[in-house]
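In: Please find the sequence and the predicted model below.
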Amino acid sequence: MSLSEATVNVSLIASAGMTIYRFAKAHTVDGQAIVAADATAVQFITAETVNALDPVPLVVGNGAIALIELGGTLSSGDDVEPGAAGVAVASAGAGDMIAGQLLQDGVIGDVVPMTFNPIRRFAA
């Protein structure tokens, strides 16, 4: 479950392969959300149980506190972006989206709190 009041139940439908505590984005198919597996278009974080073709609660809003699954060993304060399957990985560098900052240390597979800031980017 999300840790923030910014969790809303939006009218997007979960596409196949979506999992809880992952980065997500709007799909080109109207009304669907898909996993955001790269650092170009993060818009949401999945907040609760995800069932394909059901409406999915999503964390939205800059500065929201949300839970995210880690795709590697990371430290509190690290800037993160979506990696494979929508898990959080360390932001790589110039031009990549910083989707947020971790609030707790963790290792691959851990679910930790983060500040969600999907509009911040690294300088060129």
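Out: Alright, I've got the coordinates.

In: what's the following helix or strand after the least confident helix or strand in the chain by mean pLDDT?
Out: Ranking every helix and strand in the chain by mean pLDDT, DSSP states H and E puts strand 7-14 at the bottom, with a mean of 58. With elements assigned by DSSP states H and E, the helix or strand that comes after strand 7-14 is strand 23-26.

In: Direction included, what does that following strand pair against?
Out: strand 32-35 (antiparallel), strand 44-46 (antiparallel) (DSSP bridges).

In: out of those, deepest packed?
Out: Highest mean neighbour count among the strands paired with strand 23-26 (mean count of other CB atoms under 10 Å): strand 44-46, with a mean of 28. Every residue, glycine included, has its C-beta placed from N, CA and C.

In: mean confidence score for that one?
Out: The average of the pLDDT scores along strand 44-46 is 71.

In: what does stretch 76-94 give?
Out: For stretch 76-94, the per-residue pLDDT averages 86.

In: if we can go back for a sec, now tabulate the strands paired with strand 23-26 in CSV and tack on distance to residue 21.
Out: Conversion of the strands paired with strand 23-26 to CSV gives the following (distance: least, CB to CB, whole Å):
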stretch, distance to residue 21
strand 32-35, 12
strand 44-46, 6
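
In: care to break the chain down by domain?
Out: For the chain, automatic domain parsing gives the domain ranges 7-59, 64-121.

In: list the contacts for residue 23?
Out: 35-37, 42, 44-45, 68, 82, 86-88, 99 (CB atoms under 8 Å, 6 or more residues apart in numbering).

In: for the protein, what spans make up the helices?
Out: Assigned by DSSP state H, the chain shows no helices.

In: what about the strands in it?
Out: 7-14, 23-26, 32-35, 44-46, 55-59, 64-69, 79-82, 88-90, 97-102, 111-121 (DSSP state E).

In: tell me the most buried of those strands?
Out: Using mean count of other CB under 10 Å, strand 44-46 ranks as the most buried of the strands of the chain, with a mean of 28.

In: Alright, I will stop here.
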